[in-house]
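Participant: I would like to see how this sequence folds:
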Amino acid sequence: MMIPFVTFTLLIFFNLISSSSSSQISISVTPKTLSKSGDFVTIKWTGIPSPSKLDFLGIYSPPSSLHDNFIGYIFLSSTPEWESGSGSISIPLVNLRSGYQFRIFRWTESEIVPDLVDHDHNPLPQTKHILAVSEEVGFVSGRGPEQVHLALTGFEDEMRVMFVTPDGKESYVRYGLTRGRLGRVVKTRVVRYEKEDLCDAPANSSIGWRDPGYIHDGVMLNLKKGKKYYYQVGSDSGGWSTIYSFVSQNRDSGETFAFLFGDMGTATPYLTFLRTQDESKSTIKWISRDIEALGNKPALISHIGDISYARGYSWLWDNFFTQVEPVASRVPYHVCIGNHEYDWPLQPWKPDWSSYGKDGGGECGVPYSHKFHMPGNSSVPTGMHAPATRNLYYSFDSGPVHFVYMSTETNFLPGSNQYDFLKHDLESVDRVKTPFVVFQGHRPMYSSSSGAKDISLRKRMIEYLEPLLVKNNVNLVLWGHVHRYERFCPLNNFTCGSLALNGKEQKAFPVQIVIGMAGQDWQPIWAPREDHPTDPIFPQPLQSLYRGSEFGYVRLHATKKKLTLSYVGNHDGEVHDKVEFLASGLLLSAGIRDGPADAVHMESKFSWYVKVGSVLMLGAFMGYIVGFLSHARKNSADKGWRPIKTEEI
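Facilitator: The predicted structure follows:
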């Protein structure tokens, strides 16, 4: 085991002697010690002779990594003074429980290897010619855990908190109603996974694997309803985190606030093997604004699959949790599994009609199952050395809303444990206590995007799951996977629900909405006309009432009488679409009249008002209005969006 390390050390030594004697290249890093994730370092270099536009700075953690095993890179030509052979770059670093090192390499166009490319098919840098190696940079010890995030347990007087430490030593959560008196203490349990627990490359290879640290899990108990609590995690020996706060749940308040989205990912300050998601920063920014505006009201976040987009590159999980900590440490952060957390070639349930591939990068649900702990005890064996996959399907109440989560990546057919759970759960909802039901999963049951791989899977979902949704009067069904926003009419087997404008009251079918627009920027185009498959003509199906191409998230507010779901766009933080439900099950209205100037917003043909006064007169009036507005559905222009590869939806 020592030979590769000795060889690597000697290689650096001789390269340094050679490069220093010929050109006296220097590289420096300040500061040498960082306090916490997100702190910046500045890397400076001088003396590079005849700079190449492809010369790059490799970022390494741990410092003993071989040249090809960088976690990221930055081209020196991205700095304004690069042609002088000198320059500087400042970037934030995430604590990977190991030091960092920076190396400068010479790379020219003649050395490009066409088959060695990144996720965008751009050539990956080659590391044959090292020019300079920096000193190591590390994080100070004893400052406490990081990656703090909350979750509900299913019990109103509890709140779960999870975090990461480098050594797994005994840690605690201390909490209380005032910042200065954190007198209540609970011990955490700790879990960890190893490289051998993962199923495929790159997750279990030297390129993708990094020490994940030790994951701690503690539950704050006996919380008073709707109170602001302060808490801190850590230990005297390992240090304590900063003091965070949250507002405890209160099911008696008759009010629910939630922020929901799919496919967000994370942003990195460097290039890496995979495309990262810069737009995720805006999503977190606007949600932070909304949480702040709530004041002392409880809320939750729902991220329905394709969470970090790590896909086997471990440090991207660390980057994700660092990025979401400002919101996830304040409100419970709930998830369901997506293809990029799970799918791998030997997954145990893979019917021939499915479109499951290798999108999980060999993780096979292991990081997802360890880093989150959702209510319930659902799990599925992997059939390999990897531990069983958890957090697959579950439900909980929050105020007047019953939230249900499913796994589209594991067996959902009749006879499966998941199907039995969903059937029993939906049939058992107390609609007096929680008049609204919101159902969520990753791959959509309906979509008018051009991605065709999931058509067979959707058929099974419509055949077996949709009857459960319709029979049990589910109000909202939310999906990710397609990186767009699309709201459908109340649907049952591709048929829009009757508005019952003939004077007979009738409940609407579930409203299905795709909300996978939180960060991933590989956008599918809409499906073209069947008779013009190569022409840029993307007709909007009658069932699709609003299609949006803007990044964003949805904001849910419910009372005992009404639920409102609003689509917030990231470019302006404003509402671009809205749908409202009454507790009776009726769809009250959809669309908004006064939105941003750059979008067209009309009330849809399925909007109506509760009948007051003369039922027949109002019914006739609304029939006229609905007919007039039936052609006013929004159809986005799609300009400037890159088509997604079919396998990467």
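Participant: export the helix or strand containing Val324 as PDB, just CAs?
Facilitator: According to DSSP states H and E, Val324 maps onto helix 315-328. C-alpha atoms of helix 315-328 as PDB (Å, rounded to 0.1, in the frame of the first residue of the first chain):
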ATOM      1  CA  TRP A 315     -17.500  15.800  -2.200                       C
ATOM      2  CA  LEU A 316     -20.600  17.000  -4.100                       C
ATOM      3  CA  TRP A 317     -22.800  15.700  -1.200                       C
ATOM      4  CA  ASP A 318     -20.600  17.800   1.200                       C
ATOM      5  CA  ASN A 319     -21.000  20.800  -1.000                       C
ATOM      6  CA  PHE A 320     -24.800  20.300  -1.200                       C
ATOM      7  CA  PHE A 321     -25.300  20.100   2.600                       C
ATOM      8  CA  THR A 322     -23.100  23.200   3.100                       C
ATOM      9  CA  GLN A 323     -25.200  25.100   0.600                       C
ATOM     10  CA  VAL A 324     -28.600  24.200   2.100                       C
ATOM     11  CA  GLU A 325     -27.600  24.400   5.700                       C
ATOM     12  CA  PRO A 326     -28.900  28.100   6.100                       C
ATOM     13  CA  VAL A 327     -32.400  26.800   5.400                       C
ATOM     14  CA  ALA A 328     -32.200  23.200   6.400                       C
END
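Participant: packing partners of it?
Facilitator: strand 146-151, helix 280-294, helix 366-371 (3 or more C-beta pairs under 8 Å, 6 or more residues apart in numbering; DSSP states H and E). C-beta: built from backbone N, CA, C; applies to glycine.
Participant: list the buried residues for it?
Facilitator: Of all the residues in helix 315-328, those buried under the rule 16 or more other C-beta atoms under 10 Å are 315-328.
Participant: stretch 424-440 too?
Facilitator: For stretch 424-440, by 16+ other C-beta under 10 Å, it's 425-426, 429, 434-440.
Participant: and if you look at stretch 353-365?
Facilitator: Buried residues in stretch 353-365 (16+ other C-beta under 10 Å): 354-356, 358-365.
Participant: and the nearest residue to Leu198 once chain neighbours are set aside, how many residues sit next to it?
Facilitator: Using C-beta to C-beta, 6 or more residues apart in numbering and skipping residues adjacent in sequence, the residue nearest Leu198 is Asn204, 4.0 Å away. Using other C-beta atoms under 10 Å, Asn204 has 22 other residues around it.
Participant: any idea how far Tyr73 lies from Leu54?
Facilitator: Distance, Tyr73 to Leu54, using C-beta to C-beta, to the nearest Å: 10 Å.
Participant: any shared contact partners between those two?
Facilitator: Common contact partners of Tyr73 and Leu54 (C-beta atoms under 8 Å, 6 or more residues apart in numbering): Pro125.
Participant: now, among the buried residues of stretch 424-440, which is nearest to Phe372?
Facilitator: Phe372 has its nearest neighbour among the buried residues of stretch 424-440 in Gln440, at 14.6 Å by C-beta to C-beta.
Participant: that closest one contacts His402, doesn't it?
Facilitator: No - at 11.5 Å, Gln440 does not count as touching His402 under the criterion of C-beta atoms under 8 Å.
Participant: need the contact list for the nearest residue to Pro381 once chain neighbours are set aside.
Facilitator: Closest residue in space to Pro381, ignoring its immediate chain neighbours: Ala388 at 4.9 Å, by C-beta to C-beta, 6+ apart. Residues near Ala388 by C-beta under 8 Å, 6+ apart: 369, 379-382.
Participant: all strands for the stretch 351-500 of the chain, in order.
Facilitator: 379-380, 389-390, 394-398, 401-405, 436-440, 476-479, 485-492, 495-496 (DSSP state E, counting those that start in this stretch).
Participant: from the contact counts, what lies against the third one?
Facilitator: Okay, so that is strand 394-398. Applying 3+ C-beta pairs under 8 Å, 6+ apart, one finds that strand 394-398 makes contact with strand 401-405.
Participant: reformat the buried residues of helix 315-328 as a markdown table; add pLDDT and distance to Lys578.
Facilitator: Converted to a markdown table, those look like this (pLDDT from 0 to 100; distance: C-beta to C-beta, whole Å):
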| residue | pLDDT | distance to Lys578 |
| --- | --- | --- |
| Trp315 | 98 | 39 |
| Leu316 | 98 | 34 |
| Trp317 | 98 | 34 |
| Asp318 | 98 | 36 |
| Asn319 | 98 | 33 |
| Phe320 | 98 | 29 |
| Phe321 | 98 | 31 |
| Thr322 | 98 | 33 |
| Gln323 | 98 | 28 |
| Val324 | 98 | 26 |
| Glu325 | 98 | 30 |
| Pro326 | 98 | 27 |
| Val327 | 98 | 22 |
| Ala328 | 98 | 26 |
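Participant: which of those residues sit farthest apart?
Facilitator: Maximum pairwise distance in the buried residues of helix 315-328, criterion C-beta to C-beta, is 20.9 Å, between Trp315 and Val327.
Participant: endpoints of stretch 558-565, how far apart?
Facilitator: End-to-end distance of stretch 558-565 (C-alpha to C-alpha, to the nearest Å): 9 Å.
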